[in-house]
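Visitor: all I have is the shape, not the residue letters:
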């Protein structure tokens, strides 16, 4: 067992509390967060998060397959608009 | 040539090496297989008797994922990453390296042959 497994998944406490509150009150509105390093746990499934990408909050709907990944993996931080263009550089 | 698991016909090399011609069997697994099946790893594959092949096949069938099923498994894992549109999935879609390698240079395995851009000159020429 690797060290990272021993330590268990990192779940941002604030995000987790918010999810718990939503489960209790059976509401489901997007949770805005900056916690990109927060692991997706089964409780998150079916909820929507607004994950910050450094500029805006990207809407992420969590499905069952996403469990075990980090929130940040679904909110790309770079936009690639292609190389070159008409005539290229001068 | 002996046949193992249907299509695969490792040639006239020693058993240990011959087994690595199966997709999903490397040197380590091949050695383990020989030991578990009680086959001399130094014996040429063509000299393997029916019984030995049977034992190897049974072991592979029971404890290992190789060939078709393994390929399918790998593809499924990749398509799962694609479907959830996570960072790794995006990299797979674009055919770029997935594990954070540099792409400014190299990365030719993923990107394929160089595509030379016409009219693009070196930095010196731009000044």
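Guide: Yep, it's here. Nothing here was measured: the structure is a model prediction, and the numbers come from that model.
Visitor: distance of residue B:81 relative to chain A?
Guide: Per Cβ to the nearest Cβ, to the nearest Å, residue B:81 is found 9 Å from chain A. In this view, the C-beta of every residue, glycine as well, is placed from N, C-alpha and C.
Visitor: I should have written residue B:103 there, sorry.
Guide: 11 Å.
Visitor: just the pLDDT for that residue.
Guide: Looking at residue B:103, its pLDDT reads 90.
Visitor: what sits against it?
Guide: Contact partners of residue B:103, counting by Cβ atoms under 8 Å, 6 or more residues apart in numbering or on different chains, are B:96, B:97, B:111.
Visitor: go ahead and confirm the last one touches residue B:96.
Guide: When you say that, I think you mean residue B:111. Yes: at 6.8 Å, residue B:111 and residue B:96 qualify as touching, with contact defined as Cβ atoms under 8 Å.
Visitor: centre of the chain to stretch A:11-31, how far?
Guide: Chain-centre distance of stretch A:11-31: 14 Å, with Cα atoms, centre = their mean, to the nearest Å.
Visitor: what residues of stretch A:25-38 count as buried?
Guide: Judged by neighbour count (16 or more other Cβ atoms under 10 Å in any protein chain shown), stretch A:25-38 contains these buried residues: A:31, A:33, A:34, A:35, A:36, A:38.
Visitor: let me have those residues in CSV, extended by secondary structure and distance to residue A:6.
Guide: Shown next, in CSV, are those (DSSP: H, G, I helix; E, B strand; the rest coil; distance: Cβ to Cβ, whole Å):
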residue, secondary structure, distance to residue A:6
A:31, strand, 29
A:33, strand, 26
A:34, coil, 27
A:35, coil, 22
A:36, coil, 23
A:38, coil, 19
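Visitor: right, and residue B:91 touches residue B:97 too?
Guide: Yes: with contact defined as Cβ under 8 Å, residue B:91 counts as touching residue B:97 (6.7 Å).
Visitor: which one's more surrounded, the two?
Guide: residue B:91 (19 against 16; other Cβ atoms under 10 Å in any protein chain shown).
Visitor: contacting residues for the more buried one?
Guide: Residues near residue B:91 by Cβ under 8 Å, 6+ apart: B:97, B:98.
Visitor: now residue B:76
Guide: With Cβ under 8 Å, 6+ apart, residue B:76 has no contacts at all.
Visitor: can you tell me the element it falls in?
Guide: Assigned by DSSP states H and E, residue B:76 belongs to helix B:67-83.
Visitor: which parts of stretch B:37-54 are buried?
Guide: Going by neighbour count (16+ other Cβ under 10 Å), the buried part of stretch B:37-54 is B:37, B:39, B:43, B:45, B:48, B:52, B:53.
Visitor: now, the most widely separated pair of the residues you listed?
Guide: Pairwise distances across those peak at 13.1 Å for B:37 and B:45 (criterion: Cβ to Cβ).
Visitor: now the closest residue to chain A within chain B: closest residue in space, sequence neighbours ignored.
Guide: Nearest residue of chain B to chain A (Cβ to the nearest Cβ) works out as residue B:86 at 4.0 Å. Distances taken as Cβ to Cβ, 6 or more residues apart in numbering or on different chains place residue A:73 nearest to residue B:86, at 4.0 Å, with adjacent residues excluded.
Visitor: again, but for residue B:87
Guide: Excluding its sequence neighbours, the residue lying closest to residue B:87 (Cβ to Cβ, 6+ apart) is residue A:73, at 4.6 Å.
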